[in-house]
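Peer 1: Build the 3D model from these lines:
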Amino acid sequence: MAQSDDDCTGLVDPSQQKANCGVGVLLNLSGERDHEIVEDGFELLENLDHRGARGAEENTGDGSGMLIQKPHEFFTDEVEGLGEFDSYGVGQLFLPKDGDSAELKALFEDAADAEGFDVVAWRDVPTNNESLGETAVETEPDVQQVFVRPRTDLDPETLDTRLYVLRRVVENRVEREEPTGAERFYVCSLDRRKIVYKGLLTEAQVREYYPELSDERVVSRLAFVHSRFSTNTLGAWELAHPYRNIITTAR
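Peer 2: Coordinates of the predicted model:
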């Protein structure tokens, strides 16, 4: 027999339900990293579809994404010279899709040099936009990773702070100097321990758009997912999955 709102005695009060974004966290309490957490993260995200919004196009979402721990083994296979896990940071960046990003990359490298970092490598992140709606494709960025290493040995916590400072220095310089493509520039994450994959995507499109997340070498002990339901702004690539440091991620 259905329960009325007045009879509700559980933890959930139906009268307090709101249409809000969907958020979920999976954590392996054993501390082991594996790919299953990432796959379970996809399933969790896809089950949050009712917590995400759509516009006029059914295949253009309001934005979705996933935060995982830095897949060190995968990156060392893909990029030469990275060193040990705690010796470098990785940035996930949105750059102009038309390839006009030379000034932005030069600005990033100059800022990194000034803050005591060497840029080890840039990496094109493979993406697949076949399932995206017209609006998402029209504003689609070029997704790139940048790997940076401090010139001096730093303990992990100090490196975390220095990477945060580097991100803010880069963001402020881009805003102040307005290099070509500045309006399309965004730092999804720049961190020693974690990385954010996100975009103007539906929940199911995250898996399709970032095929490398399905690689068995991409392992993590946590997956933090977000499905956006915007009430006062239009969807945008940079507004999806707004979290960088909302939760602590163990090494």
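
Peer 1: Give me the neighbour count for residue 151.
Peer 2: 10 (other C-beta atoms under 10 Å). Bear in mind the C-beta positions are built from the backbone N, C-alpha and C, glycine included.

Peer 1: Let me see the ranges of the helices in the stretch 1-150 of the chain.
Peer 2: Applying DSSP state H, counting those that start in this stretch to the stretch 1-150 of the chain gives helices spanning 35-46, 72-78, 102-114, 134-138.

Peer 1: Figure out which of those is closest to residue 180.
Peer 2: Among these, the nearest to residue 180 by C-beta to C-beta is helix 102-114 (4.7 Å).

Peer 1: so how far is that closest one from its chain's centroid?
Peer 2: 21 Å (C-alpha atoms, centre = their mean, to the nearest Å).

Peer 1: other SSEs contacting that helix?
Peer 2: Packing contacts for helix 102-114, counted by 3 or more C-beta pairs under 8 Å, 6 or more residues apart in numbering; DSSP states H and E, involve strand 89-95, strand 117-124, helix 156-177.

Peer 1: so can I have JSON lines of these showing mean neighbour count?
Peer 2: Compiled in JSON lines, those are given as follows (neighbours: other C-beta atoms under 10 Å):
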{"stretch": "strand 89-95", "mean neighbour count": "23"}
{"stretch": "strand 117-124", "mean neighbour count": "16"}
{"stretch": "helix 156-177", "mean neighbour count": "16"}
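
Peer 1: circling back: for the helices of the stretch 1-150 of the chain, which one ends up most surrounded?
Peer 2: Among the helices of the stretch 1-150 of the chain, the stretch with the highest mean neighbour count (mean count of other C-beta atoms under 10 Å) is helix 35-46, at a mean of 19.

Peer 1: Hmm, residue 120 is touching residue 81, no?
Peer 2: Yes: at 5.6 Å, residue 120 counts as touching residue 81 under the criterion of C-beta atoms under 8 Å.

Peer 1: Residues in contact with both of these two, list them for me.
Peer 2: Counting by C-beta atoms under 8 Å, 6 or more residues apart in numbering, residue 120 and residue 81 have no common neighbour.

Peer 1: What about residue 227, how many residues nearby?
Peer 2: 30.

Peer 1: List the beta-bridge partners for it.
Peer 2: Taking DSSP bridges as the rule, residue 227 bridges to residue 22, residue 64.

Peer 1: Give me the contact list for stretch 30-49.
Peer 2: 22-24, 26-28, 64, 66, 68-69, 202-204, 206-207, 213-225, 227, 250.

Peer 1: Buried members of these into ChimeraX, please.
Peer 2: Filtering the contacts of stretch 30-49 down to the buried ones (16 or more other C-beta atoms under 10 Å) takes a single ChimeraX command:
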select :22,23,24,26,28,64,66,68,69,202,203,204,206,207,213,218,219,220,221,222,223,224,225,227
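
Peer 1: I am finished for the moment; much appreciated.
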